[in-house]
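A.B. asks: with the sequence up front, the predicted model follows.
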Amino acid sequence: MAEADLDAVIRQTARAQTKAVMAAAKKRQAVWVARAAKAKDKETKARFRFLAKSTILNATATAKRLQNSAENAADAYARAMKKAMEEPPPAKESGKKAAKKKEDA
């Protein structure tokens, strides 16, 4: 990855994090479903099923936010680099001018 663009790395990292979030959410959902199956009364079963459903919904929303943030960051980086490539490099100042500017500041 020595020559990889940073915006591509940002996007790739976000995809990996999104997958990790969803995998963890699926594991947690399985725990809630298992507890619902073992529950004795209807109310407890309903509560555990609701928690399982909420886990996936909240994880999906979190993953979308994470992905959107990464996309925005990658796009901003790409725009900034494009702008930097178009701008001329700053001119070097001679020693006297630089010293005079430091004294004036």
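C.D. replies: That came through fine. What you are looking at is a predicted structure, and each value in this text was computed from that prediction instead of being measured. Numbering: from 1, shown residues only.
A.B. asks: ranges for the strands of this protein?
C.D. replies: Taking DSSP state E, the chain contains no strands at all.
A.B. asks: go through it and flag its longest helix.
C.D. replies: Taking DSSP state H as the assignment, the helix of the chain that covers the most residues is helix 42-86.
A.B. asks: for that one, packing partners?
C.D. replies: Judged by 3 or more Cβ pairs under 8 Å, 6 or more residues apart in numbering; DSSP states H and E, helix 42-86 is in contact with helix 6-38. The C-beta positions use only the backbone N, C-alpha and C, and glycine is treated the same way.
A.B. asks: mind listing what's buried in the helix it packs on?
C.D. replies: For helix 6-38, the neighbour count (16 or more other Cβ atoms under 10 Å) marks Asp7, Ile10, Arg11, Ala14, Thr18, Val21, Ala25, Gln29, Trp32, Val33, Arg35, Ala36 as buried.
A.B. asks: and that helix, what other elements does it pack with?
C.D. replies: Identification of packing neighbours for helix 6-38 by 3+ Cβ pairs under 8 Å, 6+ apart yields helix 42-86.
A.B. asks: what's the mean pLDDT across the helix it packs on?
C.D. replies: For helix 42-86, mean pLDDT rounds to 93.
A.B. asks: okay, the angle between it and helix 6-38?
C.D. replies: Angle, helix 42-86 to helix 6-38, by axes from the mean of the first three to the mean of the last three Cα atoms, to 10 degrees: 180 degrees.
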